[in-house]
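1. Prediction below, plus the sequence it came from.
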Amino acid sequence: MSLETQFVQALGGLLCATTTAGIGVITPKIKKFLESHITAKNATVANDAIDGLSKIVESVVSDFNQRIVNDAKSKQALTPELAAQTKNDAIAAVKSQGSQFIKLIDGDAEALISTLIEQAVSKAKGGK
């Protein structure tokens, strides 16, 4: 066996061992990087979905205030039952208009929408 052949065989063995060790070291780092990136991406998607729902909620609350609440107040007919029904209708309207955003949220979307409605109502009243 020539010296060149022995050198190539030794180099091949060294290259194989180095590659295996490198994969063993790099794979966990790549996995960790991807997991942190995916989590950040999911958080960004969720935040964007919540922002989208918030805009829909503000629009729905404004519409319901103009059409239903203000009319009932002027007639002195705003009862707790009407307020509760109006909120339920608002939740249904937001769920209908924001269905694409709701799909992106992991959790109780109705509770989130209810909270967003309360915030929008408070903001509309000047309670910012």
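-> Yep, that arrived.
2. How many neighbouring residues does residue 87 have?
-> When neighbours are defined as other Cβ atoms under 10 Å, residue 87 has 17 of them. No exception for glycine: its C-beta is placed from N, CA and C like everyone else's.
3. so where does it fall, helix or strand?
-> Using DSSP states H and E, residue 87 maps to helix 80-97.
4. Give the next helix or strand downstream of that helix.
-> Next element after helix 80-97 (DSSP H and E): helix 99-102.
5. returning to that earlier point: tell me the helices and strands packed up against the helix holding residue 87.
-> The contact analysis (3 or more Cβ pairs under 8 Å, 6 or more residues apart in numbering; DSSP states H and E) places helix 80-97 against helix 3-64, helix 109-125.
6. With mean neighbour count and distance to residue 103 as new columns, can those be given to me in CSV?
-> Formatted as CSV, the helices and strands packed on helix 80-97 follow (neighbours: other Cβ atoms under 10 Å; distance: least, Cβ to Cβ, whole Å):
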stretch, mean neighbour count, distance to residue 103
helix 3-64, 12, 8
helix 109-125, 16, 9
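7. looking at those, which has the lowest confidence?
-> Mean pLDDT per stretch puts helix 3-64 lowest among those, at a mean of 77.
8. Could you list the alpha-carbon positions for stretch 82-91 in PDB?
-> What follows is stretch 82-91, C-alpha atoms only, in PDB (Å, rounded to 0.1, in the frame of the first residue of the first chain):
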ATOM      1  CA  LEU A  82     -80.500  44.600  27.100                       C
ATOM      2  CA  ALA A  83     -76.900  45.400  28.000                       C
ATOM      3  CA  ALA A  84     -76.100  41.700  28.400                       C
ATOM      4  CA  GLN A  85     -77.800  40.800  25.100                       C
ATOM      5  CA  THR A  86     -76.000  43.600  23.400                       C
ATOM      6  CA  LYS A  87     -72.700  42.300  24.700                       C
ATOM      7  CA  ASN A  88     -73.600  38.800  23.500                       C
ATOM      8  CA  ASP A  89     -74.500  40.100  20.100                       C
ATOM      9  CA  ALA A  90     -71.200  42.100  20.000                       C
ATOM     10  CA  ILE A  91     -69.300  38.900  20.800                       C
END
